[in-house]
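>>> A predicted structure for the sequence below; I have some questions about it.
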Amino acid sequence: MTRAFPHPYTLGDAQRWLDLNTNVPLARHFAIEVDGTLTGGIGFDPYGGERDGAGSFGYWLGRKYWGRGIATEAARILSGYALKEGGLRRLEALVFAENAASVRVLEKADFSLEGVLRQHYLDRAGRVCDALLFARLS
Ligand SMILES: CC(C)(COP(=O)(O)OP(=O)(O)OC[C@H]1O[C@@H](n2cnc3c(N)ncnc32)[C@H](O)[C@@H]1OP(=O)(O)O)[C@@H](O)C(=O)NCCC(=O)NCCS
């Protein structure tokens, strides 16, 4: 994951996540719940300004729950919601090029690969990594 995701994850980080859905006309950030347990998160953020109508999309899932199709189902549902209820025409997701599972999730949620952003990321170990830009249009 990118460094934008806090680690260690504090109570304050959780509160900031909850605050994203406070006083907004439409919820954009959701918990992924399995059998009553919080297992992950998924959401989108419109860019605004000259990129009005476009937005970013991201998700994570606790390791224990990987490999059960949960992220795929969540990504399909939420990307559809962002493009319909969220009023976006374009939803973008950037992934580490090595993150094969996330690439598959996006492909199965009807995102298309648009390009390679060479040496775009530093991972948590400080290694330079390529990123892949995926997008889904309404
Ligand atoms: C990426 C992530 C969300 C995937 O969640 P998941 O629920 O395990 O994904 P799913 O089970 O829905 O599907 C994963 C797909 O990737 C495939 N996959 C899983 N691990 C893989 C690997 N190492 N190499 C290739 N494909 C892999 C699965 O086979 C499946 O595809 P298939 O249905 O065609 O067989 C989860 O691993 C995660 O949260 N990772 C850490 C955070 C992260 O990477 N977030 C995304 C940032 S862009």
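Yep, it's here.

>>> Show me where this protein has its strands.
29-34, 37-48, 51-61, 90-96, 112-122, 128-137 (DSSP state E).

>>> Give the other helices and strands that the third one contacts.
Taking 3 or more Cβ pairs under 8 Å, 6 or more residues apart in numbering; DSSP states H and E as contact, the helices and strands that strand 51-61 lies on are strand 37-48, helix 70-84, strand 90-96. Any C-beta I mention is one placed from the backbone N, CA and C, and that applies to glycine too.

>>> outside of it, which residues touch it?
Strand 51-61 is contacted by residues 1, 5, 32, 39-47, 70-71, 74-75, 78-79, 82, 86-94, 105, 136 when judged by Cβ atoms under 8 Å, 6 or more residues apart in numbering.

>>> wait, which of the strands of the chain is closest to Gln15?
Closest to Gln15 of these, according to Cβ to Cβ: strand 29-34, at 12.7 Å.

>>> now check that closest one, is it near the ligand?
No - if you take Cβ under 6 Å from any ligand atom as the test, strand 29-34 misses the ligand, and the best it gets is 8.9 Å.

>>> strands paired with that strand, and their directions?
The strands beside strand 29-34 in its sheet (DSSP bridges) come out as strand 37-48 (antiparallel).

>>> Which positions within the strand it pairs with qualify as buried?
39-44, 46 (16 or more other Cβ atoms under 10 Å).

>>> ok, back up a step: for PyMOL, write the select line for the buried members of the contacts of strand 51-61.
In PyMOL syntax, the buried subset of the contacts of strand 51-61 is picked out as below (16+ other Cβ under 10 Å):
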select buried, resi 32+39+40+41+42+43+44+46+70+71+74+75+78+79+82+86+88+91+92+93+94+105+136
